[in-house]
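Student: got a structure for you, letters missing:
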C-alpha cells in the first residue's frame, strides 16, 4: 500500500472513528447516575472513550512520525497510551487552572481599573481576551509538540527538544490551519440559512454539519503531518531518535 493510500485510509479512519466517539459520548450523556453502580458504569465507559480517543489520535501522530504502516501506527499508539494519558492530564489540569483564574478576573478587574484609570468593563474585556488566547492557543501550541514526541518515543518525549518545532514557520502554519479548521466549520455549522420548510432546514443543517466535520478532520490530519516531522536531533539519531 502506497503512502498516499495509507494517508487516505487514515483520513477515513479518523472520520469514522471520531464519529463513533461522538456517538458514544452522546449515548453516555443519556445514562442515569442515580445509583452507585450506575456511577461506576458511566465512569468506566467515559474512561474507555478517553482511552480510545487517545489511541486513535496517538496512532495518527505515530503514523506521521514515521510508522511504516497502519498496523504499526496503531500498535505504537497502543503502547504509548500511558504517557499520552499523562500528557492529557497535564493539558486538562492547565486548562482547568486557567478557567479558575478566568472566573476571578472580574473581581481583579475592579482593582486594576482603579490603578489604570480605566473602567472595569474595559479591563475585564482585555483580560478575558488575553486569557482566551493563553488558554486555547498558547497552552495547546506549547503542549502539542510534546504529544507528537510522546507518540513517537514514549515518556522520553517530555524533553525541551520537542519545542524545536516552535522555530519553524511550518509549525505555525499548521497551527493556523488547524485553528481555521475549528473556527470556520463552527461558523459554517452555526450559519442560519433562509429555508422554506422544516425538511429543508434539517437537510441544510445536516449538510453543513457534515462539511464542517470533514473540514475539521482534514485540518487535524494536516497539522498532525506537520507535528510528526522529526526534529533535527532525531534526524541525526540523537537521544530522541524515533523507535518502533
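Tutor: It's in. Given the structure is predicted, the values throughout are model-derived calculations rather than measurements.

Student: tally of neighbours for residue 57?
Tutor: Here the count is done by other C-beta atoms under 10 Å, and residue 57 has 20 residues near it. Any C-beta I mention is one placed from the backbone N, CA and C, and that applies to glycine too.

Student: Please report how far residue 162 lies from residue 177.
Tutor: 20 Å (C-beta to C-beta, to the nearest Å).

Student: Could you do residue 222 as well?
Tutor: With distances taken as C-beta to C-beta, residue 222 is found 5 Å from residue 177.

Student: Can you tell me the number of residues neighbouring residue 137?
Tutor: Using other C-beta under 10 Å, residue 137 has 12 other residues around it.

Student: Make sure it is actually in contact with residue 179.
Tutor: Yes. Taking C-beta atoms under 8 Å as the definition, residue 137 is a contact partner of residue 179 at 7.3 Å.

Student: on that earlier part again, when residue 162 and residue 177 are compared, which one has more neighbours?
Tutor: Neighbour totals were compared for residue 162 and residue 177, and residue 162 leads with 24 against 15 (other C-beta under 10 Å).

Student: buried residues in stretch 214-225?
Tutor: Going by neighbour count (16 or more other C-beta atoms under 10 Å), the buried part of stretch 214-225 is 215-221, 223-225.

Student: Could you say which helix or strand holds residue 33?
Tutor: Residue 33 belongs to no helix or strand when assigned by DSSP states H and E.

Student: how near is it to residue 46?
Tutor: Distance of residue 33 to residue 46, computed by C-beta to C-beta: 11 Å.

Student: Domains in the protein, by residue range?
Tutor: According to automatic domain parsing, the chain comprises the domains 1-78, 80-158, 164-244.

Student: so how far is the second one from its chain's centroid?
Tutor: Mean-position distance between domain 80-158 and its chain equals 14 Å (C-alpha atoms, centre = their mean, to the nearest Å).

Student: got the end-to-end distance for that domain?
Tutor: Using C-alpha to C-alpha, to the nearest Å, the end-to-end distance of domain 80-158 comes to 13 Å.

Student: can you check the shortest one too?
Tutor: When the termini of domain 1-78 are compared using C-alpha to C-alpha, they are 22 Å apart.

Student: one step back: make CSV from the domains of the chain and add mean pLDDT to it.
Tutor: Converted to CSV, the domains of the chain look like this (pLDDT from 0 to 100):
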stretch, mean pLDDT
domain 1-78, 92
domain 80-158, 86
domain 164-244, 80
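
Student: Count residues in the vicinity of residue 99, would you?
Tutor: For residue 99, the neighbour count with other C-beta under 10 Å is 11.

Student: my guess is it contacts residue 132, does it?
Tutor: No. Using C-beta under 8 Å, residue 99 is not in contact with residue 132; the gap is 10.9 Å.

Student: For residue 65, what are phi and psi?
Tutor: Main-chain torsions, residue 65, degrees, to the nearest 10: phi -80, psi 0.

Student: That one touches residue 148, doesn't it?
Tutor: Yes. Using C-beta under 8 Å, residue 65 is in contact with residue 148, at 6.6 Å.

Student: These two - which one has more neighbours?
Tutor: Comparing residue 65 with residue 148 by neighbour count (other C-beta under 10 Å), the higher total belongs to residue 148, at 25 against 22.

Student: In which helix or strand does that one reside?
Tutor: For residue 148, the element it lies in under DSSP H and E is helix 139-153.

Student: Quick check: next helix or strand after that helix?
Tutor: As assigned by DSSP H and E, the chain's next helix or strand after helix 139-153 is helix 169-190.
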